[in-house]
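Asks: The following comprises the amino acid sequence and a computationally predicted model.
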Amino acid sequence: MTKVHPHVGLLVTCLVDAMRPEIGFATLKLLEQAGCSVSVPETQTCCGQPALNSGARGEAKTLAKRVVAAFEPFDYVVAPSGSCLGTVKTHYPELLADDPAWKRRAEQVAAKSYEILSFLSEVRNWRPEGVRFPAKATYHHTCAGLRELGIYAQPLKLLEQVDGLEILPLEGETACCGFGGTFAVKYPEISTAIVSDKTRQIAATGADTLLAADLGCLMNIAGKLSREGRSDIRVFHPVEILAGMADGKGVAGR
Amino acid sequence: MSTALRSPANFKRDAAEAVTKPSLKIALDRTTGLLQRRRVDVLKAYPEFEATREVAKNIKDHTLAHLDHYLAEFEKNATAAGAVVHWAETPEQACKIVIDLCRQADAKSVTRVKSMLGEEIGLPKALAAAGIERVETDLAEHIIQLADEPPSHIVIPAMHKTREEVADLFAHHHKEPKIDGEVGTLVESARGELRPKYVAADVGISGANFLIASTGTVVTVTNEGNAELTTELPGMHIVTAGIEKVVPEPQHALVLLRLLARSALGTEFTQYTSFFTGPRREDETTGPEAMHIVLVDNGRTQMLASEMRPMLRCIRCAACINHCPVYGAIGGHPYGSTYPGPMGSVLTPALQSLEVAKDLPHACTLNGRCQEVCPVKIPLPDLIRSLRDDTWRRNLVPKPAKLAVQAWAWVAVRPSLYRLVSGLANYALRLWAGPRGMIAKLPLAGGWTQGRDFPRPTGPTFMTQYKRRQGR
């Protein structure tokens, strides 16, 4: 696709829609800065990941078909979440594999679907200019982004160019935070034990800001930090920083 | 945790209890952390790792596709070398064969090399029931035998014990304990206890890491040399092995061996790698007079014909276990089976039943690290998802959870209704939170808020605000 101003369909994701619209608006702003025209299909609800991961394949298929149909008119599909985008990109074609026509459509959508940070960095070659966020931050690599989509260096490359922002190394930066979608409520003791390791490692960096690119993980980590009374650590999605929209409260309410 | 109460059916309860044990956490962090770091280091010096994984996967897939052929080859060649091959479909049959052989040998005492297949078929219990003394010769197995506990890890069975706890056990049980706080001294203490028992044993029982079809050879690996002492000194060597252990030729075992030690312990090779082909020959002066090989199915042919087939590639390195955040939080015992962690969450439902093990595939964050480290590229998250599909289809998911997902999905395909419901939920959450940014207690979300706060939505939903901005 060689359009100067590609038409991007923004997959807001259900969690961003309900819990933290700022991430959606920051994504929108960045896409526009990167020269895209952006539409937000009104029929979108959820990508179906909770159904897929609960074993509800029938329900997941129905939702997958809706997303495919809603987003196939666009040049690209972009979401501010590795796990939602991972569902679209890696799971839809397999989920719809028993219907050749739908499988082909799912593959076509999958091929043009990108997580926002990798889209900005790889497809649009966009770099932040004049963005300032003075902080000592540390970065948690979310699992689906990392292992389903291969996103590791892209977000760091973008954040490097933010004035005043220093990224401190995080021990266990690629280890799961213990969120796991419905896992967090089905096995709360295990989930809490895992996220305790994460918050301990985050605290050990001395950072005042935690960044991660999936709201589920952010809510889990921020929720634990808040319960531990770590009011010194603020929690943001990287797009909020890059869009210059991290002037309000972070995910942990501070 | 006593052996009798172990069942995957108790997973939730046992896992919730496990996370409250500080010494378990210390033991798990020490060992999994060490194994993860060592694996990274050893792979730095092994640039052909990725290519070798692909070769290993192909070797296993090829063998599994022709499993009947290679098993027949193995039987033919092992028999020609003087071993006797037995076939067992169930754990009970396998144990009966072993016990009958022990009785034939008039065995009072048997030494055993760590074998997870032996644990899987319940051999320790069967030996006890038959009144035969069982001496575990692997250091970690020795530790848990003294503690009367089951293994909690397939490579490091005493993963759940700190060295301090081991010192207490040895002080209590060893005839002449040597304890000074050093691990080396603890090893000395165990050596002193075990050496005489090797000589006194009537039968030595081992597992097999690989079975080589073209030569009828059994391959074992250890880092303690106990396999050699166990199998070479007594008059009879009994091998218990799963049928998926077979590989066509020696070079194929060598490929897998390169991956096994690196993936399991972060070492280039095991200290001891032995190839046993038949019992003592006429021109030999050492080795057992008789060698018996018990090949066990226990659900494996069914796996072969199912979507779970890739799981039969598993070479039991435990890399997936060592990198699993859930295992790292709860250890192996709550899984209630011989096989914990990701590989266990796939194997246990196949070897026991999905009914009893229905929690295991759900107790996973699907973070994918297991697949990333697996040396034979088993798509563990896909297999785990597939088992979740089965639990859904067979009504093994708790009713309220199922209804919740169904109701949510019903709403999610009706965008206008969805907007209304998500708008209301968003509003209710903000109302509940009041001025606070974080919610400490939330009705219907006690699972979340028992250990974490829940963020207050920052404002109306994205869709609501977006429409407003569009001037609609």
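Replies: Okay, I see it. Numbering: from 1, shown residues only, chains lettered A, B, ... in the order given.
Asks: centroid residue for chain A?
Replies: In chain A, the centroid-proximal residue (C-alpha atoms, centre = their mean) is A:S81; its distance is 2.0 Å.
Asks: Surely that one touches A:D214?
Replies: Yes - the criterion here is C-beta atoms under 8 Å, and A:S81 meets it with A:D214 at 5.1 Å. All C-beta atoms are positioned from the backbone trio N, CA, C, and that covers glycine.
Asks: ok, which residues in the stretch 1-150 of chain A are in contact with chain B?
Replies: A:12, A:14, A:16-22, A:24-25, A:40, A:42-46, A:48, A:50-57, A:59, A:62-63, A:66, A:143-144, A:146-148 (C-beta under 8 Å from any C-beta of the partner chain).
Asks: again, only this time at 7 Å
Replies: For the stretch 1-150 of chain A, the contact set with chain B under C-beta under 7 Å from any C-beta of the partner chain comprises A:12, A:16-22, A:24, A:40, A:42-43, A:45-46, A:50-51, A:53-57, A:59, A:62-63, A:66, A:143, A:147-148.
Asks: Mark which of these are buried, thanks.
Replies: A:12, A:16-22, A:24, A:40, A:45-46, A:50-51, A:53-57, A:59, A:62-63, A:66, A:143, A:147-148 (16 or more other C-beta atoms under 10 Å in any protein chain shown).
Asks: So which of those residues belong to helices?
Replies: Among those, the members found in helices (DSSP state H) are A:16-19, A:21-22, A:24, A:50-51, A:53-54, A:57, A:59, A:62-63, A:66, A:143.
Asks: Relative to chain A, how far out is B:R280?
Replies: B:R280 sits 50 Å away from chain A, going by C-beta to the nearest C-beta, to the nearest Å.
Asks: Please apply the same query to B:V421.
Replies: Distance of B:V421 to chain A, given as C-beta to the nearest C-beta: 10 Å.
Asks: quick one: that residue and B:A412 touch, right?
Replies: No - judged on C-beta atoms under 7 Å, B:V421 makes no contact with B:A412 at a distance of 9.1 Å.
Asks: What about B:P381, how many residues nearby?
Replies: B:P381 has 22 neighbouring residues, counting by other C-beta atoms under 10 Å in any protein chain shown.
Asks: Quick check: buried residues in the helix or strand containing it?
Replies: Using DSSP states H and E, B:P381 sits in helix B:380-393. For helix B:380-393, the neighbour count (16+ other C-beta under 10 Å) marks B:380-392 as buried.
Asks: And stretch B:188-204, by the same measure?
Replies: Under 16+ other C-beta under 10 Å, the buried positions of stretch B:188-204 are B:189-190, B:193-194, B:197-198, B:201-204.
Asks: nearest to chain A, of those?
Replies: The closest of the buried residues of stretch B:188-204 to chain A turns out to be B:A190 (C-beta to the nearest C-beta; 31.7 Å).
Asks: shouldn't that closest one be in contact with B:A140?
Replies: No - using C-beta under 7 Å, B:A190 is not in contact with B:A140; the gap is 9.8 Å.
Asks: Go ahead and name everything in contact with the longest helix seen in chain A.
Replies: Among all segments of chain A classified by DSSP H, the helix with the greatest residue count is helix A:188-205. With contact meaning C-beta atoms under 7 Å, 6 or more residues apart in numbering or on different chains, helix A:188-205 is reached by A:138, A:168, A:170-172, A:176-180, A:183-184, A:210, A:220-221, A:224-225, A:228, A:230, A:233, B:15-16, B:19, B:325-326, B:329-330, B:363, B:447-448, B:450-452.
Asks: Kindly format the C-alpha coordinates of it as CSV.
Replies: C-alpha atoms of helix A:188-205 as CSV (Å, rounded to 0.1, in the frame of the first residue of the first chain):
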residue,chain,number,x,y,z
PRO,A,188,-7.0,-14.4,41.7
GLU,A,189,-4.5,-15.8,44.2
ILE,A,190,-2.1,-16.9,41.4
SER,A,191,-2.6,-13.8,39.4
THR,A,192,-1.9,-11.6,42.4
ALA,A,193,1.2,-13.6,43.3
ILE,A,194,2.6,-13.2,39.8
VAL,A,195,1.9,-9.4,39.7
SER,A,196,3.6,-9.1,43.1
ASP,A,197,6.8,-10.1,41.4
LYS,A,198,6.2,-7.6,38.7
THR,A,199,5.6,-4.7,41.1
ARG,A,200,8.6,-5.6,43.2
GLN,A,201,10.8,-5.6,40.1
ILE,A,202,9.3,-2.3,39.0
ALA,A,203,9.9,-0.7,42.4
ALA,A,204,13.5,-2.0,42.3
THR,A,205,14.3,0.0,39.2
